[in-house]
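**Q** pasting the sequence and the predicted model now:
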Amino acid sequence: MIQRIQSVFLVLSIICLIATSFTVYWVKSNNETQEAVNLYPREMVSLKMVEGVQQEVATAGNIHLFLLPLLIAGILIFSLFQFKNRMRQMQLGALSSFLMTLTMIMTAYRSTQMNEMIESTTYEFPAIGFFALVMAMLFNISSNRFIRKDEKLVKSMDRIR
């Protein structure tokens with residue numbers, strides 16, 4: 001029964017999580033001093049314009065923002081094929097929601113650490129990686145809702161018999 005609507009939401013969540021692991025999370029820049037800090041899934045990079053050329057000033061590693069979304073995608077792939085056991089699907093969905101929330105918190109924490117690498121920000125915004133993570137969370141919540149709805153339907157049909 002992989003053609004159910006919750007399976008579509010799970011696949012969309014998996015796609016968003018994989019996209020999250022390969023795109024920029026957050027960008028901060030100062031146009032006056034020509035400095036910028038980009039938060040990538042594997043590292044945080046500080047950039048500065050020197051004589052018209054953008055140079056990398058400093059980096060800080062954060063491999064957990066790369067690996068955690070891939071781990072969550074793996075959990076959701078496993079959950080996708082557990083369609084016969086809806087309770088396990090709901091448990092895996094709750095676990096993945098918790099891990100996505102943890103990833104969002106770590107991203108927000110790292111974005112506050114970006115202030116230490118740049119004097120003052122004139123331009124700051126979450127990038128596509130953060131929005132893909134939010135979309136993955138919404139798709140996961142939707143899939144959990146429909147899994148719960150299926151479970152209630154099956155229980156009511158068993159009660160009628």
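**A** Good, I have the coordinates. Being a predicted model, the structure only gives us computed values, none of them experimental.
**Q** for residue 34, give its distance to residue 59.
**A** Per C-beta to C-beta, to the nearest Å, residue 34 is found 18 Å from residue 59. Placement of C-beta: from N, CA and C, glycine included.
**Q** quick one: low-confidence ranges for the chain?
**A** 1-3, 53, 55, 121, 158-161 (pLDDT under 70).
**Q** give me the most central residue, it.
**A** residue 133 (2.7 Å; C-alpha atoms, centre = their mean).
**Q** from memory that one sits against residue 105, does it?
**A** No - counting by C-beta atoms under 8 Å, residue 105 is not a contact partner of residue 133; they are 11.1 Å apart.
**Q** what strand or helix carries the residue nearest to the centre of the chain?
**A** Under the criterion of DSSP states H and E, residue 133 resides in helix 128-160.
**Q** can you list the helices and strands that that helix packs against?
**A** Contacts defined by 3 or more C-beta pairs under 8 Å, 6 or more residues apart in numbering; DSSP states H and E place helix 128-160 against helix 5-20, helix 64-80, helix 86-117.
**Q** just name the most buried of these.
**A** Compared across those, helix 5-20 shows the largest average neighbour count, a mean of 21 (mean count of other C-beta atoms under 10 Å).
**Q** what packs against whichever helix or strand comes after that helix?
**A** Using DSSP H and E, the helix or strand that follows helix 5-20 in sequence is strand 26-30. Contact here means 3+ C-beta pairs under 8 Å, 6+ apart; on that basis strand 26-30 packs against strand 35-39, helix 86-117, strand 123-126.
**Q** pull up the pairing partners for strand 26-30, direction included.
**A** Strand 26-30 has the following sheet partners, assigned by DSSP bridges: strand 35-39 (antiparallel), strand 123-126 (antiparallel).
**Q** ok, residues contacting the shortest one?
**A** Outside strand 123-126, the residues within contact range by C-beta atoms under 8 Å, 6 or more residues apart in numbering are 25-31, 111.
**Q** fine by me, we can end here.
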